[in-house]
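# Got a predicted model here, sequence first, then my questions.
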Amino acid sequence: MTDPTPAQLAQNLVDLLDIEEIDTDLYRGIRGTDGFGRVFGGQVIAQALQAAQRSTDVPKQAHSLHAYFMRAGDESHPILYRVVRDFDGKSFATRRVIATQRGLPILNLACSLQVPEGGLAHQDAMPDVPPPEDLTSDRELRLAMIDRIPEKFRGVFLRPRMVDIRPVSPRSWLDPVEQEPRQNSWFRVVAPIGDDPALHRAILAYASDMSLLGTATLAHGVNWMTHKLQTASLDHALWLHEDFRADEWLLYVCDSPWAGHARGFNRGKIFARDGRLVASVAQEGLIRLRE
């Protein structure tokens, strides 16, 4: 079987986030495409954000979300998203979204939306890193070590990705060592996806769950391939600062200032290539090392 083309992969992501309205403030998200059983957390966040955005009239735009994961999603079933309209003001609106599967909640998300306006402005500077054209894609890095990857991991390790990730300093999957819990990577959708800004926000929400949780494990020289490591996102917060395109290169700057009690805390800054800080992320995740 041949791998899908970049255009097909990008369309798969667009289709995944094109939730279906089945009643007022009730939406259905299609099943994931990975085929590995558990739903990727970024997919649930992104679909829930789409539900919140579609329940709100333009020109209000999502600027922040806070989500809690309760149960793992099952790829063999669709996910329903119920929107609660908590507030509609002149400048801001707030929404709650409850994602359920087979009658049980798997995620709660709160979202705030604002009519764009000007104001006082400042931002952190983007770090000086090599451009994405000078870096090797995560997929190419994985293909280069495929002969050393245990057979049971190869399917998930080499699955075609809808988002191209190019790490600035690639991590060692097979021989992990303790290192500073920081990592930078460029990412973008693998092909152009059109101009809908709400879709680009949803895709950034999807991609913001990539790379982040693993940052906390870098300090301990462990990963899911070499150790009996149980990981899962517990909560996720995203602030959207500026306009951007998810099919153009974005730099994800991640660090983990703390881990303990089987949890790891991670932070992220996302920069556009022109240096603008377009989003900030925070997440706490389960990192339980089993004997």
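That came through fine.
# drop to CA atoms for contacts and neighbour counts, all remaining ones
Will do.
# Counting neighbours, what do you get for V84?
16 (other C-alpha atoms under 10 Å).
# So it, which state does it fall into?
strand (DSSP: H, G, I helix; E, B strand; the rest coil).
# So what pairs up with V253 in the strands?
Residues in a beta bridge with V253, per DSSP bridges, are N184, K269.
# Tell me how far it lies from S64.
18 Å (C-alpha to C-alpha, to the nearest Å).
# do L238 as well
Taking C-alpha to C-alpha as the measure, L238 falls 6 Å from S64.
# Between the two, tell me which one has more neighbours.
The residue with more neighbours, out of L238 and S64, is L238; 23 against 20, by other C-alpha under 10 Å.
# helices and strands of this structure: which one bottoms out on pLDDT?
One helix or strand of the chain scores below all others by mean pLDDT, DSSP states H and E: helix 151-157, with a mean of 71.
# neighbours around F69, how many?
F69 - counted by other C-alpha under 10 Å - has 21 other residues nearby.
# Specify the beta-bridge partners of the nearest residue to it once chain neighbours are set aside.
Nearest non-adjacent residue to F69, counting by C-alpha to C-alpha, 6 or more residues apart in numbering: L107, 4.6 Å away. Note on L107: beta-bridge partners by DSSP bridges are F69, A99.
# need the contact list for L107.
Contacts of L107 were listed using C-alpha atoms under 8 Å, 6 or more residues apart in numbering, and they are 44, 67-71, 98-100.
# Look up how far K228 lies from it.
Distance from L107 to K228, by C-alpha to C-alpha: 26 Å.
# And for W249?
Applying C-alpha to C-alpha to W249 and K228 gives a distance of 34 Å.
# These two: which has the busier surroundings?
Ranked by neighbour count (other C-alpha under 10 Å), W249 and K228 place W249 first, with 22 against 13.
# Look up phi and psi at the nearest residue to that one once chain neighbours are set aside.
The shortest distance from W249 to any non-neighbouring residue, by C-alpha to C-alpha, 6+ apart, is to R188 (5.1 Å). Per-residue torsions, R188: phi -170, psi 160 (degrees, to the nearest 10).
# Give me the neighbour count for R188.
21.
# Correct me if wrong: I165 contacts V190.
No. If you go by C-alpha atoms under 8 Å, I165 and V190 don't touch, sitting 9.2 Å apart.
# okay, those two: which has more neighbours?
Taking neighbours as other C-alpha under 10 Å, I165 and V190 compare with I165 leading, 26 against 22.
# A helix includes the more buried one, no?
No. Counting by three-state DSSP, one finds I165 to be strand, located in no helix.
# Contacts only, for it.
Residues near I165 by C-alpha under 8 Å, 6+ apart: 137-139, 185-188.
# which intervals of the stretch 1-150 of the chain have sub-threshold pLDDT?
In the predicted model of the stretch 1-150 of the chain, residues 1, 33-36 satisfy pLDDT under 70.
# run the last query once more with 50
Per-residue confidence for the stretch 1-150 of the chain (pLDDT under 50) gives no ranges below the cut-off.
# Could I get the full set of helices for it?
Applying DSSP state H, counting those that start in this stretch to the stretch 1-150 of the chain gives helices spanning 6-16, 41-54, 138-144.
# So for A279, which of these sits nearest?
helix 41-54 (14.6 Å; C-alpha to C-alpha).
# Mind listing residues that contact the closest one?
Helix 41-54 is contacted from outside by 16-19, 25-27, 29, 32, 61-62, 65, 67, 81-83, 95-99, 107, 109, 111, 198-199, 202-203, 205-210, 233, using C-alpha under 8 Å, 6+ apart.
# how about 7 Å then?
With contact meaning C-alpha atoms under 7 Å, 6 or more residues apart in numbering, helix 41-54 is reached by 17, 19, 27, 29, 62, 81, 83, 95, 97, 99, 111, 202-203, 205-207, 209.
# now that helix and helix 6-16, what's the angle there?
60 degrees (axes from the mean of the first three to the mean of the last three C-alpha atoms, to 10 degrees).
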